[in-house]
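**Q** My questions are about this predicted structure, shown below with the sequence.
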Amino acid sequence: MTAAVVLTPVSAPVADHVLVVALDGALDYTNAERLRQDVEAALGEEHRELVLDLSGVNFCDSTGIRILLSVRKLIQERNGAVTLASLNARLARIFRVTGLISAFIVVPGLAEAVDAVSARSTPR
């Protein structure tokens with residue numbers, strides 16, 4: 001059995017409605033449901049944007065992708081978006097091949113994710 005994916009809040013210069021967390025480990029059928037529960041527990045009612053730093057995720061199976069999509073749906077119901085940062089080459093390929101790259105905002109790193117969220121949060 002794979003150990004739980006560790007979800008760690010990340011301190012970043014973002015608005016109060018944004019939650020930034022880092023994931024670490026392998027995201028698969030043995031722990032994906034626990035990750036969903038952990039993300040939902042971390043989300044406050046004020047959070048409508050979510051940044052997931054995936055630099056520590058070394059594997060993701062179809063169950064993990066399903067959980068990421070369910071988290072995306074929850075955030076979309078709040079009129080927000082999920083930004084994925086720091087996908088390794090394997091994860092980026094999975095998201096491209098499945099077409100899910102367009103279901104999320106995908107950026108190269110955490111700094112770019114913070115910039116993207118800040119740009120969306122700035123009144124025009």
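**A** Ah, there it is.
**Q** tally of neighbours for residue 27?
**A** 25 (other CB atoms under 10 Å). All C-beta atoms are positioned from the backbone trio N, CA, C, and that covers glycine.
**Q** Residue 41 too?
**A** Neighbours around residue 41, by other CB under 10 Å: 9.
**Q** Residue 45 too?
**A** Neighbours around residue 45, by other CB under 10 Å: 7.
**Q** before we move on, what about residue 74?
**A** Applying other CB under 10 Å, we find 17 residues neighbouring residue 74.
**Q** next one: residue 91
**A** Using other CB under 10 Å as the criterion, the residues surrounding residue 91 number 21.
**Q** where in the protein is pLDDT low?
**A** Applying pLDDT under 70 to the chain flags residues 1-3, 122-124.
**Q** and with 90 instead?
**A** 1-9, 11-16, 44, 114, 118-124 (pLDDT under 90).
**Q** Which helix in it has the most residues?
**A** helix 62-76 (DSSP state H).
**Q** Which parts of this structure are helices?
**A** Using DSSP H, helices in the chain cover 32-42, 62-76, 89-98, 110-121.
**Q** Figure out which of the ones you listed is closest to residue 13.
**A** helix 110-121 (6.6 Å; CB to CB).
**Q** Not counting its own residues, what contacts that closest one?
**A** Residues outside helix 110-121 that contact it (CB atoms under 8 Å, 6 or more residues apart in numbering): 10, 12-15, 17-18, 20, 49, 51, 53, 55, 81, 83-86, 105, 107.
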